[in-house]
Each structure stands twice: as structure tokens, then as C-alpha cells.
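Engineer: Predicted model and sequence below, questions to follow.
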Amino acid sequence: MDIERLERAVGYRFKSPALAREALTHRSRGAPHNERLEFLGDSVLNCIVSIELHARYQKLREGELSRLRATLVRQESLAKAAQDLGLGEWLLLGEGELKSGGFSRPSILADALEALIGAVFIDGGFDSARATVVGLLSGQLSQLDPDDVGKDPKTQLQELLQSRKIELPLYNVVATEGAAHKQNFEVECVIPGLSIRATGAGSSRRSAEQDAASHAYAKIREEHGRKFRKSR
């Protein structure tokens with residue numbers, strides 16, 4: 001494992017590289033694996049996201065902040081952050097998970113990202129963990145829309161397109177991998193009216209469609225900017 005390249009990608013240098021290795025070791029590979037670090041990282045992540053949201057959205061009520069936090073710390077959001085980081089190439093998996101495409105499975109990616117956050121917290125303390133989390137989720141933090149709190153990505157995308165009278169997206173399964181009981185789906189979301197294509201992955205067709213919709217929504221915000229920001 002190229003720890004130095006991982007450190008450059010994450011933006012944190014480990015005093016104990018063994019912690020980083022443990023964070024990226026799936027239980028299928030053997031012990032020590034990342035489940036304990038994942039447990040810790042989950043709590044650290046929730047705390048840091050809460051602090052960031054509390055500072056950024058000073059007029060929102062507790063319930064609204066809770067729903068925003070849930071949007072950021074759900075599996076789909078963490079898997080997207082892990083994919084953007086390219087975390088899959090550093091995962092240490094057992095032979096079975098390797099053959100079934102575990103390096104791209106959203107649940108494994110999300111768990112590994114939480115474990116990595118836990119490892120940074122142990123290795124460098126809270127401030128280092130906070131800087132890491134903010135860096136990993138910076139794109140999603142900047143794109144949060146309180147008006148869309150509690151809505152799934154497909155609903156958000158549909159409502160945005162309908163508000164601009166643009167043809168609704170098409171979803172197509174482009175690949176499936178793994179055994180029947182442990183499949184991974186890849187779905188493409190196509191928006192002809194905007195010439196946008198985005199792909200997503202998940203352990204079910206529905207979750208893959210949600211992931212693809214999330215990527216398509218992000219592309220619209222990135223490529224069309226203020227034109228597609230909702231009026232307040």
C-alpha cells in the first residue's frame with residue numbers, strides 16, 4: 001500500500017502508518033481489520049459535521065440541522081466522498097470480496113472512510129480529524145440546500161428539472177457484478193435536455209439510481225451554476 005500517496009490525497013500525514021493500513025483493511029482480509037476504527041470514526045464524523053452545520057446555518061432549528069447532518073453522513077454521501085478520493089484502490093480485501101468487486105461497493109467504501117476518519121482522530125487528534133472531514137466533504141457541504149432536507153437524490157433532481165420544464169432523466173443499468181445474492185449495480189442517469197450523463201453504483205438498482213441522480217444533480221450545479229440555484 002502506497003501510504004504516502006494516500007496521505008497526499010487525504011491531506012494528512014500519519015505518525016503511525018499502521019493505523020491507516022488498519023483503517024483500510026476489510027474484515028474479509030483478516031485481523032486487525034477496520035470495524036473498531038469505523039465505530040469510532042462514525043461518532044467523530046457526526047460530531048464534526050454537527051459543528052460545521054451549527055456554524056454555517058445559524059438560523060436553522062435543531063430538527064432541520066439533524067436532517068442536514070443525516071444527508072451528509074448517510075452511506076451514499078460517504079461512498080461518494082470515498083469514490084472522489086479514489087479510496088477503493090487502497091482497500092485491503094479478502095479474495096472473495098476482490099472477485100465480487102468489493103472495492104467499489106458503497107457499503108465497504110463508506111465504512112472504510114469512517115474508519116479512516118477514526119484513524120486520523122487517534123493519530124492526530126480532533127483538529128486533524130476536523131480538517132480531514134471538512135476536506136473530504138467540502139463539495140457536498142458547499143452544495144447543501146436546506147430546502148431539500150429529507151429528500152432523496154432522485155426527488156431532488158426531478159424537482160429541479162421540473163421547475164425548469166426540462167425533460168426528466170432516464171436511468172439505465174449499464175453493468176452488474178457479483179453473485180446473485182451480493183450484486184453490485186452500475187446505473188447511468190441521462191438528462192438529454194442538458195447533455196448530462198452521470199453514473200452511480202449500489203448494492204441494488206434503486207440505490208445505484210439514487211447514487212447516479214446525486215452525481216447528476218452535482219453536475220448540474222457545477223456546470224450551470226446560478227442558473228439552476230433555487231430562488232429563495
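Structural biologist: Arrived safely.
Engineer: I'd like the distance between the residue of the chain positioned farthest from its centre and K151.
Structural biologist: Outermost residue of the chain with respect to the C-alpha centroid, by Cα atoms, centre = their mean, is K165; its distance is 29.2 Å. Distance of K165 to K151, given as Cβ to Cβ, to the nearest Å: 20 Å. C-betas here are computed from N, CA, C, even on glycine.
Engineer: Look up phi and psi at the residue nearest to L92 when sequence neighbours are not counted.
Structural biologist: In this structure, L92 finds its nearest non-sequential neighbour in T25, 4.4 Å apart by Cβ to Cβ, 6 or more residues apart in numbering. Dihedral pair for T25: phi -100, psi 110, per degrees, to the nearest 10.
Engineer: Which residues are in contact with T25?
Structural biologist: Residues in contact with T25, defined by Cβ atoms under 8 Å, 6 or more residues apart in numbering, are P32, H33, N34, L92.
Engineer: returning to that earlier point: the residue farthest from the centre of the chain: what secondary structure?
Structural biologist: The three-state assignment at K165 reads coil, by DSSP: H, G, I helix; E, B strand; the rest coil.
Engineer: just E186 next, same as before
Structural biologist: Three-state call for E186 (three-state DSSP): strand.
Engineer: what helix or strand does A198 sit in?
Structural biologist: strand 196-202 (DSSP states H and E).
Engineer: Give me the next element, helix or strand, following that strand.
Structural biologist: helix 205-224.
Engineer: pLDDT (mean, whole number) over that following helix?
Structural biologist: Helix 205-224 comes out with an average pLDDT of 86.
Engineer: mind listing what's buried in that helix?
Structural biologist: For helix 205-224, a neighbour-count test (16 or more other Cβ atoms under 10 Å) marks 207-221 as buried.
Engineer: again with stretch 42-59
Structural biologist: Buried positions in stretch 42-59, judged by neighbour count with 16+ other Cβ under 10 Å: D42, V44, L45, I48, V49, S50, E52, L53.
Engineer: list the contacts for A201?
Structural biologist: Here A201 is in contact with A79, Q83, S104, R105, P106, N184, F185, E186, V187, A208, D211 (criterion: Cβ under 8 Å, 6+ apart).
Engineer: E76 versus that one, what's the distance?
Structural biologist: Distance of A201 to E76, given as Cβ to Cβ: 10 Å.
Engineer: go on, A131?
Structural biologist: Using Cβ to Cβ, we find A131 at a distance of 23 Å from E76.
Engineer: of these two, who's got more company?
Structural biologist: E76 (19 against 16; other Cβ atoms under 10 Å).
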